[in-house]
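Novice: A structural model of the following input is requested.
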Amino acid sequence: MRITGRDPSGEGIRVQIETDEDIWHLYNVIEVGDLVTASTTRREEKAADKIRAERAEKKRMTLGVRIEKIEFSEDDLRLKLLGTIETGPQDIGQHHTLILENGDSLLITKRHWRETQLERLDRAVRDSKKPRIVFVSLDQDDATVAVLRQFGLKEVTTVRSGRSGKQYAEKPQADGYHAEVISKVVPLMEPNMPVVLLGPGFEKESLADDMKKAEPELFKKVHVYHTGQCGMVGINELIKTGMGAEVLRESSVGAEMEAVEQLMTEIARNGLGTYGTQQVRDAAMSGAVEKLLVLDTKIREQDLDDVVRAVESQKGSVIVVSSQHDGGRELASLGGMGAILRYRTE
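Specialist: The predicted structure is shown next:
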């Protein structure tokens with residue numbers, strides 16, 4: 001994401017969507033009541049021929065829409081903003097839907113920008129420079145391909161080897177299993193993108209060799225790790241336990257899941273962990289919070305700037321956790337808010 005301008009009044013910020021992940025960041029910034037101005041298409045107004053207006057050709061125009069409903073689609077990574085037209089060349093007061101995608105530019109105008117929303121935009125700018133990570137979690141029977149994006153893991157596909165025990169013993173490389181896995185991974189790749197291979201057994205080492213032989217330039221950064229399980233379970237195991245930290249340290253999701261795992265461990269052993277909105281707020285105001293974890297959906301729905309300021313003023317850290325991965329779902333089960341403490345408050 002790029003921030004391309006700010007209104008002198010401080011109410012409006014213009015941004016350029018540069019990656020698919022920016023759509024998710026905007027979903028966590030834009031809220032009902034905002035005025036969003038963007039280029040869109042709409043049928044020309046036909047004052048003299050209302051009956052045939054539906055058949056009129058759609059024209060591109062810039063409209064400002066006061067937002068009444070927000071819809072995010074993870075499958076096609078689009079943001080739909082439904083509301084009433086307030087500014088533009090026609091149809092003032094009528095309803096319109098803005099559909100935002102990668103490459104679009106928009107102006108977001110709010111009556112009041114929360115600090116957490118401004119930080120979210122700054123984070124989107126920083127994160128756009130970080131590479132995605134492709135995972136292949138496999139054993140001799142199945143390979144799950146997934147992509148780690150800025151807001152969560154996305155399972156792409158599963159490849160089945162179709163092997164029998166005898167075939168595997170006699171011709172482990174002659175069945176096309178690895179070639180099919182590689183064919184699924186190649187379209188996901190970008191320059192310098194890391195690939196993480198994981199799972200039990202030795203299939204991952206064999207696949208790593210085949211990848212480097214097939215596409216040596218594309219697969220320059222292949223990392224291999226042993227996990228007890230394969231599939232999405234194995235990928236989550238890798239991230240939660242901190243294995244592969246040298247690869248995942250630049251990933252927001254990796255840091256979020258590791259922090260949630262640390263919180264859950266502290267809570268389980270009745271240590272320096274607490275959760276619940278009021279308990280965390282009290283701890284923050286007393287200066288006891290070392291690390292604050294807040295679910296993105298909670299921070300979108302509530303103004304928690306006072307809690308964030310209290311933690312940061314005492315040199316604590318704040319992690320906004322995505323609801324789109326296992327760590328976020330665990331934090332949601334605790335009410336969407338938790339903290340790792342410097343000292344016990346009770």
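Novice: run through the stretch 101-250 of the chain and note the low-pLDDT ranges.
Specialist: Within the stretch 101-250 of the chain, the segments meeting pLDDT under 70 span 131, 164-175, 249-250.
Novice: show me where it has strands.
Specialist: 105-109, 133-138, 142-148, 153-160, 195-199, 222-226 (DSSP state E, counting those that start in this stretch).
Novice: please, which helix or strand holds residue 83?
Specialist: For residue 83, the host element (DSSP states H and E) is strand 78-87.
Novice: and the longest strand seen in the chain, what other elements does it pack with?
Specialist: When the chain is parsed with DSSP state E, its longest strand is strand 58-73. If contacts are counted by 3 or more Cβ pairs under 8 Å, 6 or more residues apart in numbering; DSSP states H and E, strand 58-73 sits against helix 20-27, strand 35-43, strand 78-87, strand 95-100. Bear in mind the C-beta positions are built from the backbone N, C-alpha and C, glycine included.
Novice: quick one: that strand to strand 35-43, angle?
Specialist: The directions of strand 58-73 and strand 35-43 differ by 130 degrees, with axes from the mean of the first three to the mean of the last three Cα atoms, to 10 degrees as the criterion.
Novice: what's near enough to touch residue 220?
Specialist: residue 192 (Cβ atoms under 8 Å, 6 or more residues apart in numbering).
Novice: before we move on, the earlier item: deepest of the helices and strands packed on strand 58-73, which one?
Specialist: helix 20-27 (a mean of 22; mean count of other Cβ atoms under 10 Å).
Novice: show me this structure divided up by domain.
Specialist: 2-47+57-127, 133-250, 253-341 (automatic domain parsing).
Novice: so which of the helices and strands packed on strand 58-73 comes closest to residue 218?
Specialist: helix 20-27 (20.3 Å; Cβ to Cβ).
Novice: returning to what we had before: can you redo the helices and strands packed on strand 58-73 as a markdown table with distance to residue 345 and mean pLDDT?
Specialist: Formatted as a markdown table, the helices and strands packed on strand 58-73 follow (distance: least, Cβ to Cβ, whole Å; pLDDT from 0 to 100):
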| stretch | distance to residue 345 | mean pLDDT |
| --- | --- | --- |
| helix 20-27 | 33 | 89 |
| strand 35-43 | 42 | 94 |
| strand 78-87 | 40 | 95 |
| strand 95-100 | 43 | 96 |
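Novice: ok, which of the ones you listed comes nearest residue 305?
Specialist: That would be helix 20-27 among the helices and strands packed on strand 58-73, by Cβ to Cβ, at 17.9 Å.
Novice: and the closest one with strand 95-100, angle?
Specialist: Computed by the same axes, to 10 degrees, the angle between helix 20-27 and strand 95-100 is 140 degrees.
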